[in-house]
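Q: coords below, sequence missing:
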């Protein structure tokens, strides 16, 4: 954490903090302790607010929902379908198992942040998000129409279309890598493990749909890096971890994506306004400045006693945070 936190702090005033640690952050007390570890690790003089979340399980009690809301520092519960992504083994096996918790979340206005994929091995990995919408998301929202939902790191045209037109309180985050790359990036010149993430990169038609959603007029889409720091050796092996490390240069990557779409005028709303509005938070007062300037992404970065490889390591990008 001491190695990667300064990257996020340089880019962002605050961040939604994911709870899929080992062991997972499942209670308000664990979230408070994790938050304190983050604050203690901040660089001297840094101004950064960790917006904590809790890990939803089959056994999450409705009383925990109330404690989380009353804490003032927990801003949502994260749904990981069991086995869907990194450290999701303790995730929800069936939404029916946490029905009372979901009802309490709807009652008190606590957002549900969803990793939107089914885990059925018979479903193609490139179809898991679209199937999730039909099998899980639509029935859930029909039964709990006032539940506030963030469809996290969407990757498909189906997801963008659904969020754009669905009734009720729903938003979606989009990563920089899903705006910039399609699934060809995984295989150009050989298998490229640092482009492997979950949900996985999709076809070009999906990338274009995401970029149109992110740079459009809808306030339902906002920035979510899903930055995942895995040691270099855990990515470059026979069974590598899923996740792209973008905390170093996320806002520059987003700027590059919006620039390529001819939509730099829409970047501020996506990065700085739509998310706070959904979460009921004030917009930040401070600003960052980006300059059109080529620079080379480092080949690797310190990560405790190991190394972490940022996305596009060794390559040039065309925007620089100054």
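A: Received the coordinates, thanks. The structure displayed is predicted, hence computed values, not measured ones. Residues are numbered from 1 along each chain as shown.

Q: In contact with residue 99, which residues are there?
A: With contact set as C-beta atoms under 8 Å, 6 or more residues apart in numbering, residue 99 has no partners. (C-beta placed from N, C-alpha, C; glycine too.)

Q: does it sit in a helix, a strand or a coil?
A: helix (DSSP: H, G, I helix; E, B strand; the rest coil).

Q: That one and residue 300, how far apart?
A: 45 Å (C-beta to C-beta, to the nearest Å).

Q: One more: residue 116?
A: 31 Å.

Q: quick one: which of these two has more around it?
A: Between residue 116 and residue 300, counted using other C-beta atoms under 10 Å, the more crowded position is residue 116 (27 against 15).

Q: which non-adjacent residue is nearest that one?
A: Leaving aside its sequence neighbours, residue 116 sits nearest to residue 132 (C-beta to C-beta, 6 or more residues apart in numbering; 4.6 Å).

Q: close enough to count as contact, residue 100 and residue 59?
A: No. If you go by C-beta atoms under 8 Å, residue 100 and residue 59 don't touch, sitting 10.7 Å apart.

Q: Spit out the contact partners of residue 304.
A: 2-3.

Q: can you pull the buried residues of stretch 263-270?
A: 263, 266-267, 269-270 (16 or more other C-beta atoms under 10 Å).

Q: what's the burial count for the closest residue to residue 133 other than its chain neighbours?
A: Closest residue to residue 133 apart from its sequence neighbours, by C-beta to C-beta, 6+ apart: residue 162 at 5.5 Å. Using other C-beta under 10 Å, residue 162 has 21 other residues around it.

Q: Could I get the pLDDT score of residue 162?
A: On pLDDT, residue 162 comes in at 98.

Q: Any chance you could list what contacts the helix or strand hosting it?
A: Using DSSP states H and E, residue 162 sits within helix 157-165. Residues from elsewhere that reach helix 157-165, judged by C-beta under 8 Å, 6+ apart: 116, 129-130, 133, 137, 151, 154, 170-172, 205-206, 209-210, 212-213, 218, 220-221.

Q: Now do the helices in the protein.
A: Taking DSSP state H, the helices of the chain run over residues 5-11, 28-40, 62-71, 99-108, 128-132, 138-143, 157-165, 176-180, 204-214, 232-235, 250-260, 267-268, 274-279.

Q: Tell me which of the ones you listed sits most buried.
A: Comparing these by mean neighbour count (mean count of other C-beta atoms under 10 Å), helix 176-180 ranks first with a mean of 25.

Q: What average pLDDT does that one get?
A: Mean predicted lDDT for helix 176-180 stands at 98.

Q: Next: stretch 84-99.
A: 85.

Q: likewise stretch 2-12?
A: Averaged across stretch 2-12, pLDDT comes to 96.

Q: Give me the residues contacting that stretch.
A: 15, 38, 41-43, 46, 48, 227, 229, 245, 247-251, 288, 301-304, 308, 321.

Q: again, only using 6 Å
A: Contacts with stretch 2-12, where a contact means C-beta atoms under 6 Å, 6 or more residues apart in numbering, come from 15, 41, 43, 46, 48, 229, 247-248, 250-251, 302-304.

Q: how near is the residue nearest to residue 133 to residue 214?
A: 15 Å.

Q: about what we covered before: and the residue nearest to residue 133, how close does it get to residue 279?
A: 20 Å.

Q: And residue 190, by the same measure?
A: Residue 190 is 41 Å from residue 279, by C-beta to C-beta.

Q: what's the burial count for residue 24?
A: Residue 24, neighbours per other C-beta under 10 Å, totals 21.

Q: Around residue 169, how many other residues sit close by?
A: Residue 169: 17 neighbours (other C-beta under 10 Å).

Q: Tell me which residues touch it, please.
A: residue 148.

Q: how does it look with 10 Å?
A: Each residue near residue 169 by C-beta atoms under 10 Å, 6 or more residues apart in numbering is listed here: 106, 109, 111, 141, 145-150, 220, 278.

Q: Out of these, who's the most crowded?
A: That'd be residue 150 among those, by other C-beta under 10 Å, with 28 neighbours.

Q: if I read this right, that one contacts residue 76, doesn't it?
A: Yes. Counting by C-beta atoms under 10 Å, residue 150 does reach residue 76; the two are 6.9 Å apart.

Q: Quick check: neighbours shared by these two?
A: The contact lists of residue 150 and residue 76 share 16, 111-114, 279, where a contact means C-beta under 10 Å, 6+ apart.

Q: Just the ones in strands from these, please.
A: 16, 112-114 (DSSP state E).

Q: Tell me the buried residues within those.
A: 16, 112-114.

Q: Is residue 114 in contact with residue 80, as I believe?
A: Yes. Between residue 114 and residue 80 there is a contact at 8.8 Å, judged by C-beta under 10 Å.

Q: got any residues that touch both of the two?
A: Joint contacts of residue 114 and residue 80 (C-beta under 10 Å, 6+ apart) are 56, 92, 152.
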